[in-house]
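# I'll drop the sequence and a predicted model, then ask my questions.
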Amino acid sequence: MTDIMTLRALGFALFLVVLAIVQAGAQALIIGVASVIDGDTIEIHGQRIRLFGIDAPEGGQLCVRPNGERWRCGQQASFALANRIGRATVRCEARDIDRYRRVVAVCFKGSEDLDRWMVANGWAVAFRRYSLDYVADEEAARLKRINIWSGEFEMPWDWRAQQQHR
């Protein structure tokens, strides 16, 4: 029990340090082995990190293939990110803190921008409300008709809004 309390305290302390750095305008780095929470959220050292500028389908969200088959695209987006990261060290450059106290960051595996990889491979969309950084990658994935772009899907923010009204 004390181990869990210690981990929570350390996670909260890390959050406060990152918050102070981000508010000061500096770029905080979080580096470590990541656990994938979903297609646009990871965790390193107990700190939840929301990938900057992208939005992936939610875990329970379904997409529709061209043949009409429904598939768990949100779950598959999570698996794709987890497979891409593997057990490699991930480096995240904090940009902001969101309303859920998650660090919002651009994350890298080596020199590869994982946020960009998710959008370019059709597992997430550019979250234009917050950034235009990945719009060209989204357009390329849409034109290739890969993954979520292979059929029909609801934008993740619209899907979440519908779930709140159920």
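Nice, thanks for sending it over.

# Can you name the residues bridging to residue 108?
For residue 108, the beta-bridge partners under DSSP bridges are residue 91, residue 113.

# Over to residue 71?
The partner residues for residue 71, given DSSP bridges, come to residue 63.

# list the contacts for it?
62, 63, 64, 65 (CB atoms under 8 Å, 6 or more residues apart in numbering). Where you see a C-beta, it was placed from the backbone N, CA and C, and this is true even at glycine.

# Ramachandran coordinates for the residue most central in space within the chain?
Taking CA atoms, centre = their mean, the centroid of the chain lies closest to residue 40, which sits 1.4 Å from it. Main-chain dihedrals, residue 40, degrees, to the nearest 10: phi -140, psi 20.

# what residues are up against the closest residue in space to it that isn't next to it in sequence?
Spatial nearest neighbour of residue 40, chain neighbours left out: residue 56 (4.1 Å); criterion: CB to CB, 6 or more residues apart in numbering. Each residue near residue 56 by CB under 8 Å, 6+ apart is listed here: 38, 39, 40, 74, 77, 78, 81, 118, 123, 124, 125, 156.

# how about residue 49, what does it touch?
30, 34, 41, 42, 43, 92, 102, 103, 104, 105, 107 are the contacts of residue 49 under CB under 8 Å, 6+ apart.

# Of all pairs in those residues, which one is the farthest apart?
Spatially, the most separated pair among the contacts of residue 49 is 34 and 104, at 14.9 Å (CB to CB).

# These two - which one has more neighbours?
residue 34 (26 against 19; other CB atoms under 10 Å).

# hang on, residue 67 is in a helix, isn't it?
No - in this structure, residue 67 is coil, not part of a helix, as judged by DSSP: H, G, I helix; E, B strand; the rest coil.

# Distance check, it against residue 151.
In this view, residue 67 and residue 151 are 8 Å apart by CB to CB, to the nearest Å.
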